[in-house]
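Visitor: Pasted the sequence and its predicted model underneath.
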Amino acid sequence: RDTAFVIGLLVLAKWSVGEIGPGGTRCDEVVRRSGLDCRFIAHVGPRAVAAPGATGLIEHSDGLIGLSACLNGPVCAPLLGGDEGLARKNAAEFQEIFGRENFFMEVMDHGLAEQDQVRDQLLHIGRELGIPAVGTNDCHYLKKEDSHPHELMLCLQTGKTRSDPNRMKFDTDQLYVKST
């Protein structure tokens, strides 16, 4: 299977860490045995796992929910590269891995041109394959006004200055917790 674009795949467990899931296995054991290089990114309700790789995911997908992820995910990244066929193939494969009722197209709006560029194609592929959409919000800080301090924190963490054109930065100030 082609996993070149599985950089930001989001996987949600239907049960919590330490809780017994399908086959009498604990959630953290499924993650460990799946071969995923994971880290927990949420600590409320079902645990969310950021999964940079898909090795072993097929064998251990029971009890997991997959989302197509952000712009670096297995569906959006090929779309940004102009390869709708690969995006469709990846979406179909993850739908098969997680099951029809456990894979969703993740749609975000952080004011990024790239998100606008892929949104219609993402939703079109989802309709074609019967993959429902879910709206999410990438959160790196609590309030909009925390954008600047977050930018400074990234500079400190990466040893760069704000004047460095090659520093890590986000092209939006919309990565805060929003209400519906």
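Guide: Perfect, thanks for sending it.
Visitor: Do you have the helices of this structure handy? List them.
Guide: Per DSSP state H, the chain carries helices over the ranges 27-34, 76-80, 84-98, 113-129, 147-158.
Visitor: most tightly surrounded among these?
Guide: Among those, helix 76-80 has the highest mean neighbour count (mean count of other CB atoms under 10 Å), at a mean of 23. To be clear about C-beta, it is placed using only N, CA and C from the backbone, and glycine gets the same treatment.
Visitor: Check which helices and strands it sits against.
Guide: helix 84-98, helix 113-129 (3 or more CB pairs under 8 Å, 6 or more residues apart in numbering; DSSP states H and E).
Visitor: if we can go back for a sec, quick one: closest of the helices of the chain to Asp173.
Guide: Closest to Asp173 of the helices of the chain is helix 147-158 (CB to CB; 3.8 Å).
Visitor: Output that closest one as PDB, restricted to C-alpha atoms.
Guide: The C-alpha coordinates for helix 147-158 follow below in PDB (Å, rounded to 0.1, in the frame of the first residue of the first chain):
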ATOM      1  CA  SER A 147      -1.100  33.600  17.900                       C
ATOM      2  CA  HIS A 148       1.800  35.900  18.300                       C
ATOM      3  CA  PRO A 149       3.100  34.300  21.600                       C
ATOM      4  CA  HIS A 150       2.800  30.900  19.800                       C
ATOM      5  CA  GLU A 151       4.900  32.200  17.000                       C
ATOM      6  CA  LEU A 152       7.600  33.300  19.500                       C
ATOM      7  CA  MET A 153       7.400  29.900  21.300                       C
ATOM      8  CA  LEU A 154       8.000  28.100  17.900                       C
ATOM      9  CA  CYS A 155      11.100  30.300  17.400                       C
ATOM     10  CA  LEU A 156      12.400  29.500  20.900                       C
ATOM     11  CA  GLN A 157      11.700  25.800  20.500                       C
ATOM     12  CA  THR A 158      13.500  25.600  17.100                       C
END
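Visitor: mind checking how far it is from the chain centre?
Guide: Chain-centre distance of helix 147-158: 22 Å, with CA atoms, centre = their mean, to the nearest Å.
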